[in-house]
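>>> got a predicted model here, sequence first, then my questions.
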Amino acid sequence: MLYRVFKEVAGALRKSERDFRWALSNPTGRDQGASDEVQATQILLEYAAGLVNERLSPELERRMLEMAARFEAGSGNGTACGLNIFVYHVDMGEAGQLRYRDLTMDTNAFDYRALLRAFVASVRRWEPGALIYLVTDPGHAKDWVPTEDLRVVTLAVDNTRPMWERVNAMCAYVHSKAFAADTLFLDSDAFLNAAFTPYLEGDFDLAVTVREIPGLMPVNEGVLVARSVRPEHVQRFFRRYLATYDRLVADERIREYYGDIQKWRGGQLSLNAITRAAWPYSPYRFTTLDGVSVQALPCDPFNYSHAYGEEWDAEKWKDKIVVHFKGARKASMDRWLRHVGMDAHSIESTSVSPVAPFFALWNKEYGRQPFSSQAVRHAFTAALRTLAAILEANRVGSGAVLADDMLVWFRNAGFLEDPVFIEAMGPLHRDETLRARIWRVYTLCWAARSCLGLDGDYLDIGCYDGKTVAVITRYCQFNKYQEKTYWLYDMFENPPEESRKVHHGPGLFEHVSQMFEPLGNVRVIKGTVPESFQLGLPKRIAFAQIDLNAAEPELACLGAIYDRLLPGGMIVFDDFGFRRYRESRDQISRFLVSRGQIIWESPTGQGLFIKR
């Protein structure tokens, strides 16, 4: 039996009085009436806990930081309000044949490409604001096209030891700038079955999922939560995780008992070793481990795996947060997918489905009091996550939208499902910047299209990278109106600090010019405004957007174009309703009131003016 085998191995390899002294003289933590298999597991875990290591070797440290740089290369910018999702998968090839004392499985028997497509679809369904990090090898990465909600991080890893490389990658991730939001680490066969964000409450750094099944390790690595509010605590935990794994790999007794734990089992064994001090576990209990607050979440419902042979029960599964199709349980996955409405067709079409809004703390107001306090920011985003989860915000058909620094509910938000708008978004369908201001983008599309019947040109004053104009031109089919010209103005290189964005600099003017060259009826003008109007300004204007983030130049531009704006023509002021730009609002309002005109302030922050 396993217990006797392990004792014999331990006895044969014992080199000192210290080795296995707990197994010989201290029965604490072991159930003397338990089966041999259960006692073997207890002994194994106690022994592994005695090998907990705190420090990475110089080689591991160097490699981990190299991996962290790979995460940072594709981490994007901004602080997402939603989750980050970390999933790791590599093609194991012949190494996929697993033979362990407690596990026999051929990973090649499963179509992991189809499985990962379903994984991504489940995240997009229940956490549409989440950012997915798919961590993989070069061979598998070529099958994926990155989108704004899917980062494909390619690492040079050894595919024959996937569990070892996975823990290395997890440790690297939390040491990178990509770890900018609370993160859910999931096995590739662990699917969201509900929103997870409502459960990211309380003052804890990590959460592990635990089970009470005799003979199995109590902590399962399929679901692991890391909070971003105290990243140094999470980093400390993962360093211990990786350093302990490294020591267990080198231990003769572990190797004799389990074999190659770099291939399988080692990640879970290391995780149990470093959390062993919290044993016995109880649901939702908080424990402090080396200054790190760790919460125990029950596997049912946070990491639910149905029993082999158990009849699939939709009613039973409806309250599960994560469903984990371990091993041969994947045979039940198709039925679950059909039940939740994610059949093969819907999964394949996920990347071109309705536009999903995105919320991020990008407004510069978030840098001022009270938001300059990290605790306040954390409490604020936690409250938003809870509300968004209750309302299922940003999920198509939910009637709730969280974007543009506003949360609304009981709305149709039908433009998100409008085929014309979806097509207009085109290659920018997953662009976080546009999705974070999606209602503003649609307002511009609507206004521009409404002015097509007027015999005048279009202006965008402060066009930046041209992405919004690109959507507008597609929405309006502007290429069919060759008698009209779209005029784009910006400094492109060195704007004032208040207006500066990440892509301003040398090369932006050329980039925007090339972007619109195929249309044939777009002119891009570089320089300060209104001075650069001398290089070209239409006599008749049907539509304009002004977005300069400063009152003086915005008022000057309004004065320069007002008399050229046709009756029925529109101007959209991007900054009009934002508190930070109150001076712009006041000056623009006075200018228009003096001419007998009024402007509408939209909840999006825009000001909409229709000339009468």
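All right, it came through fine.
>>> alpha carbons only for contacts and neighbour counts from here, please
Will do.
>>> the helix or strand containing R113 packs against which elements?
Counting by DSSP states H and E, the element that carries R113 is helix 112-126. Helix 112-126 sits against strand 190-192, helix 344-348, with contacts defined as 3 or more CA pairs under 8 Å, 6 or more residues apart in numbering; DSSP states H and E.
>>> going by mean pLDDT, which of those comes out lowest?
Of all the helices and strands packed on helix 112-126, the minimum mean pLDDT falls on helix 344-348 (a mean of 46).
>>> which residues touch whichever helix or strand comes after it?
Downstream of helix 344-348, the next assigned helix or strand under DSSP H and E is helix 374-391. Residues outside helix 374-391 that contact it (CA atoms under 8 Å, 6 or more residues apart in numbering): 81-82, 195-198, 200-201, 229, 370-371, 398, 400, 402, 409.
>>> coming back round to it: pLDDT of whichever helix or strand comes after the helix holding R113, averaged?
Sequence-wise, the next helix or strand downstream of helix 112-126 (DSSP H and E) is strand 131-136. Computed over strand 131-136, the mean pLDDT rounds to 92.
>>> direction included, what does strand 131-136 pair up with?
strand 84-88 (parallel), strand 150-154 (parallel) (DSSP bridges).
>>> highest mean neighbour count out of those strands?
Neighbour counts (mean count of other CA atoms under 10 Å) averaged over each of the strands paired with strand 131-136 peak at strand 84-88, with a mean of 23.
>>> about what we covered before: can I get the strands paired with strand 131-136 in a markdown table including mean pLDDT?
Shown next, in a markdown table, are these (pLDDT from 0 to 100):
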| stretch | mean pLDDT |
| --- | --- |
| strand 84-88 | 96 |
| strand 150-154 | 89 |
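>>> helices of the stretch 451-600 of the chain, residue ranges please.
467-476, 508-516, 551-561, 582-593 (DSSP state H, counting those that start in this stretch).
>>> report the central residue of this protein.
The centre of the chain sits closest to L131, judged by CA atoms, centre = their mean, with a distance of 1.5 Å.
>>> look at the spatially closest residue to Y304 that is not a sequence neighbour and report its pLDDT.
Nearest in space to Y304, with sequence neighbours left out and distances taken as CA to CA, 6 or more residues apart in numbering, is V323 at 4.8 Å. On pLDDT, V323 comes in at 92.
>>> for V323, which residues make a bridge with it?
As for beta bridges, V323 partners with F191, Y304 under DSSP bridges.
>>> N303 is in contact with that one, correct?
Yes: here V323 reaches N303: they are 5.9 Å apart, a contact under CA atoms under 8 Å.
>>> joint contacts of these two?
Contacts common to V323 and N303, judged by CA under 8 Å, 6+ apart, are A190.
>>> next one: the closest residue to V123 other than its chain neighbours from P146, what distance?
Nearest residue to V123 in three dimensions, chain neighbours excluded: L192, at 6.2 Å (CA to CA, 6+ apart). Distance, L192 to P146, by CA to CA, to the nearest Å: 21 Å.
>>> just want to know which of the two has more residues nearby.
L192 (24 against 16; other CA atoms under 10 Å).
>>> for the more buried one, what are its contacts?
119, 122-123, 126, 321-323.
>>> same thing with A393?
With contact taken as CA under 8 Å, 6+ apart, A393 is in contact with 399-402, 409.
>>> give me the buried subset of those residues.
399-402, 409 (16 or more other CA atoms under 10 Å).
>>> buried deepest among the helices of the stretch 451-600 of the chain, which one?
Across those, averaging neighbours per residue (mean count of other CA under 10 Å) puts helix 467-476 on top, at a mean of 21.
>>> dump it to CSV, restricted to CA.
What follows is helix 467-476, C-alpha atoms only, in CSV (Å, rounded to 0.1, in the frame of the first residue of the first chain):
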residue,chain,number,x,y,z
LYS,A,467,-8.9,55.7,-34.5
THR,A,468,-12.2,57.4,-33.6
VAL,A,469,-12.3,59.1,-37.1
ALA,A,470,-11.6,55.7,-38.7
VAL,A,471,-14.7,54.2,-37.0
ILE,A,472,-16.8,57.3,-38.0
THR,A,473,-15.7,57.0,-41.6
ARG,A,474,-16.6,53.4,-41.8
TYR,A,475,-19.9,54.0,-40.0
CYS,A,476,-20.8,56.8,-42.4
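>>> touching that helix from outside, list them.
420-421, 423-426, 428, 434, 441, 444-445, 448-449, 452, 460, 463, 479, 516.
>>> one more: stretch 286-299?
With contact meaning CA under 8 Å, 6+ apart, stretch 286-299 is reached by 203-211, 233-234, 236-237, 275, 277-278, 281-285.
>>> what is the burial count for A307?
For A307, the tally of surrounding residues (other CA under 10 Å) stands at 9.
>>> in three-state terms, label it for me.
coil (DSSP: H, G, I helix; E, B strand; the rest coil).
>>> quick one: mean pLDDT for the longest helix along the chain?
The single longest helix within the chain, with elements called by DSSP state H, is helix 231-250. Across helix 231-250, the average pLDDT comes to 96.
>>> CA atoms of that helix as PDB?
Written as PDB, here are the backbone C-alpha positions of helix 231-250 (Å, rounded to 0.1, in the frame of the first residue of the first chain):
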ATOM      1  CA  PRO A 231       1.500  43.400  -4.900                       C
ATOM      2  CA  GLU A 232       4.600  43.000  -2.700                       C
ATOM      3  CA  HIS A 233       2.700  40.400  -0.500                       C
ATOM      4  CA  VAL A 234       1.600  38.400  -3.600                       C
ATOM      5  CA  GLN A 235       5.200  38.500  -4.900                       C
ATOM      6  CA  ARG A 236       6.500  37.200  -1.600                       C
ATOM      7  CA  PHE A 237       4.000  34.300  -1.700                       C
ATOM      8  CA  PHE A 238       4.900  33.300  -5.300                       C
ATOM      9  CA  ARG A 239       8.600  33.500  -4.600                       C
ATOM     10  CA  ARG A 240       8.100  31.000  -1.800                       C
ATOM     11  CA  TYR A 241       5.900  28.900  -4.100                       C
ATOM     12  CA  LEU A 242       8.600  28.700  -6.800                       C
ATOM     13  CA  ALA A 243      11.600  28.400  -4.400                       C
ATOM     14  CA  THR A 244       9.800  25.500  -2.600                       C
ATOM     15  CA  TYR A 245       9.000  23.800  -5.900                       C
ATOM     16  CA  ASP A 246      12.700  24.100  -6.800                       C
ATOM     17  CA  ARG A 247      13.700  22.400  -3.500                       C
ATOM     18  CA  LEU A 248      11.100  19.600  -3.800                       C
ATOM     19  CA  VAL A 249      12.400  18.800  -7.400                       C
ATOM     20  CA  ALA A 250      15.900  18.200  -5.900                       C
END
